[in-house]
Every structure is written in C-alpha cells, then in structure tokens.
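> need the 3D shape of this:
(chains A and B)
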Amino acid sequence: DGGITQSPKYLFRKEGQNVTLSCEQNLNHDAMYWYRQDPGQGLRLIYYSQIVNDFQKGDIAEGYSVSREKKESFPLTVTSAQKNPTAFYLCASSARQRKGGELFFGEGSRLTVL
Amino acid sequence: GESVGLHLPTLSVQEGDNSIINCAYSNSASDYFIWYKQESGKGPQFIIDIRSNMDKRQGQRVTVLLNKTVKHLSLQIAATQPGDSAVYFCAETIGPGNQGGKLIFGQGTELSVKP
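As a prediction, the model looks like this:
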C-alpha cells in the first residue's frame, strides 16, 4: 500500500542528545514536510522540501535539521539546541509543487525528553 | 451543535445531530483551504478541500462553506456518528508564489459525539 511511514512511533531521549526521526514515502510525491504538534494545539511547520537536495525553514526551524538526499526520504534531526523537544512530530508529503495541495500525513512520532 | 473555532475548542453533539465546526482564517490572500480530521494518537486525515473561487463544496456527509468577506470557513457534518469524534483542523495556504503547498493550520476543534 502507498503511504507515509514514520519511525519510531515512540522515542525517549535524554537531555543533550540528538535524535533522528525517519520519514519515508512511496507515493512518488515531490514535496515533503515536518510539523510539530503540542497538546491541544495545531500543527506548526518545522521544515519543508519541494525537491531533492533542497529544503526551506518553516516557522519553528530552530534546533532542528533535515536532509533530502532521496525523493522518498526526509529525516528530521532534533538537536540538543531545541529547548523544548517533547512533542508529537508529523511528517507529510504532497504531490503538487504549486501553491495549494492536499497533504498526506504519517502516523506520527512521539518524542519525550527525560 | 456549533463551535466558534478558536473561542470554543470543544464541541459536544448528540449522535444523529448535525455538527458545525467553524474556523476563522488569517490571510485574505489565501486561496486554498482544507479540513483535516485527527483521531487520538494518529496523523491528520484529509476530509475535504475548497478553493477560493467557490463558496461551497459537498462531500459524503460533509459540506465546507467559505465566506471570504469575513475570512470564515465552516465544516458541516450531517448525521454525526460516534466515529466522527476527533479533532478537526482547518488549514490555509498562505504566502506568495510557489511555496509548494505550504499549509498553515488552525488551533483545532475537538468534536465529541454522545451516543
């Protein structure tokens, strides 16, 4: 089945450690996105990528890094510089590069910093 | 039942009733809007979308209404069922040019359906 796979689903991290969240899609979508969701709040954009080897900062990029070496993969690294990393992270992709287009989401990764 | 989006993030309705979830969007230049449904612990799922050249669009049991004059979007769910219980988000595209479908999400409204 086509879709977006995020892993791990749950992750615990000690303060000061970097962690990388995986996102893979087999939908042949050009654009991929990372969102952060905090309890009772909407989704905030961290980074997005419209094509391979190119990505742009979203609204809350500080303390995060990404890479887009392959069309199907868009991993997110939560660095030790991120002051409040505990959150639910959602990866998404879309088929269209022009403005406006449905996003398909993965099931999310819940990161907890101990 | 009816919500007022950001001012009333929780909506409780009786099974079988119609639900109306409201959303006030931020940018008058936005031209594409989507409603998503998010069940607990899962990623959002697409429900319905609408472009700014329309003021109404219907799907299966759902209708989206767009009022550009007051920058207001609503989602109507007919004959609400327990499986409709979830958080509902509206989203808008914002910003000029080719931004690859970048969406800005609202706070969300939690819909609770009583049997």
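> just the strands from chain A, written as ranges.
Here chain A has its strands, by DSSP state E, at A:4-7, A:10-13, A:19-25, A:31-37, A:43-51, A:54-57, A:64-66, A:76-78, A:87-94, A:104-105, A:109-113.
> out of the ones you listed, flag the one nearest residue B:25.
When these are compared by CB to CB, strand A:43-51 sits nearest residue B:25, at 14.5 Å. Quick note: C-beta positions are derived from backbone N, CA and C, even for glycine.
> how about residues contacting that closest one?
A:30-37, A:55-61, A:64, A:66, A:68, A:74, A:76, A:89-90, A:97, B:44, B:89, B:91, B:98, B:100, B:102-105 (CB atoms under 8 Å, 6 or more residues apart in numbering or on different chains).
> now with 7 Å, please.
With contact meaning CB atoms under 7 Å, 6 or more residues apart in numbering or on different chains, strand A:43-51 is reached by A:30-37, A:55-61, A:64, A:66, A:68, A:74, A:76, A:90, A:97, B:100, B:102, B:105.
> check contacts around residue B:86.
B:37-39, B:111.
> in PyMOL, how would I select the buried members of the contacts of strand A:43-51?
PyMOL command restricting these to the buried ones, with burial defined by 16 or more other CB atoms under 10 Å in any protein chain shown:
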select buried, (chain A and resi 30+31+32+33+34+35+36+37+55+58+61+64+66+68+74+76+90) or (chain B and resi 100+102+105)
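> thought residue B:11 was touching residue B:22?
No: the pair residue B:11 / residue B:22 is not scored as a contact, 9.3 Å apart, by CB atoms under 7 Å.
> can I get stretch B:33-53 as CSV, trimmed to CA atoms?
What follows is stretch B:33-53, C-alpha atoms only, in CSV (Å, rounded to 0.1, in the frame of the first residue of the first chain):
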residue,chain,number,x,y,z
PHE,B,33,-8.4,25.6,2.3
ILE,B,34,-8.5,22.1,3.7
TRP,B,35,-10.3,20.4,6.6
TYR,B,36,-8.5,17.6,8.4
LYS,B,37,-9.7,15.1,10.9
GLN,B,38,-7.3,13.8,13.6
GLU,B,39,-8.1,10.9,15.8
SER,B,40,-6.2,10.5,19.0
GLY,B,41,-2.5,9.5,18.5
LYS,B,42,-2.8,9.4,14.8
GLY,B,43,-1.9,11.7,11.9
PRO,B,44,-4.5,14.0,10.3
GLN,B,45,-6.6,12.7,7.5
PHE,B,46,-8.0,14.8,4.7
ILE,B,47,-11.7,15.4,4.7
ILE,B,48,-12.5,18.0,2.1
ASP,B,49,-11.0,21.0,0.4
ILE,B,50,-12.2,24.1,-1.3
ARG,B,51,-10.6,26.8,-3.4
SER,B,52,-11.4,30.5,-3.1
ASN,B,53,-13.3,30.7,-6.3
